[in-house]
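*Asks:* Sequence plus predicted model, see below.
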Amino acid sequence: MAIEVGKAVAFESRRSYMHTIQVQTGSRVEFKDVTASVEKLVAESGVSSGMCHIFTPHTSAAVLVQENDDPSLQKDLTEFLGGLAPRDKDYYHNDGNCDAHLKAALIGCSQTLMVEHGRLLLGRWQGVFFCEFDGPRPRDLHVKIVAD
């Protein structure tokens, strides 16, 4: 379940920085805390004030900002989403992972966070999670940091 950080690509203006984090998930449903990896990219970018856009290009995965202190919340989220979109339901899109698409659609494929003083502006208990709903598999998480 390693997270590898790709090389930064600095654009000509030096006001935006694009990165790709490779996330390897280990189970079908998983909430992987990527906060430290994203914070590291923000720090390395040198951007003091701006925005951090986080996006996954996968239709059965999502990006969530949520409490990262108590892992039992991830179990509750898994059960809650499983109740909304059960895996064994007879869906029209019946390729075996329609539930994953629906869960990803509910949470969303991106988040935008503020950067202040060279750090993500997160609440005390907040973290950034890569949400896997059709794993295990390797996934991409794109991070773009833009200076004000």
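*Replies:* Alright, I've got the coordinates. As the structure is a computational prediction, the values presented were derived from the model and not from experiment. Numbers count the residues shown, from 1 in each chain.

*Asks:* Work out for me the element the residue lying closest to residue 126 once chain neighbours are set aside sits within.
*Replies:* Nearest non-adjacent residue to residue 126, counting by Cβ to Cβ, 6 or more residues apart in numbering: residue 65, 5.6 Å away. C-beta here means a position set from N, CA and C on the backbone, and glycine is covered the same way. Using DSSP states H and E, residue 65 sits in strand 61-67.

*Asks:* Which SSE is immediately downstream of the helix or strand of the chain with the lowest mean pLDDT?
*Replies:* Ranked by mean pLDDT, DSSP states H and E, the weakest helix or strand in the chain is strand 9-10, scoring a mean of 47. Once strand 9-10 ends, the next helix or strand along the chain (criterion: DSSP H and E) is strand 16-24.

*Asks:* send the alpha carbons of that following strand over as CSV?
*Replies:* C-alpha atoms of strand 16-24 as CSV (Å, rounded to 0.1, in the frame of the first residue of the first chain):
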residue,chain,number,x,y,z
SER,A,16,1.5,26.6,-10.7
TYR,A,17,2.9,23.2,-10.1
MET,A,18,1.5,19.8,-11.3
HIS,A,19,2.2,16.5,-9.5
THR,A,20,0.9,13.0,-9.8
ILE,A,21,0.8,10.7,-6.8
GLN,A,22,0.6,7.0,-7.5
VAL,A,23,-1.7,5.3,-5.0
GLN,A,24,-1.7,1.6,-4.6
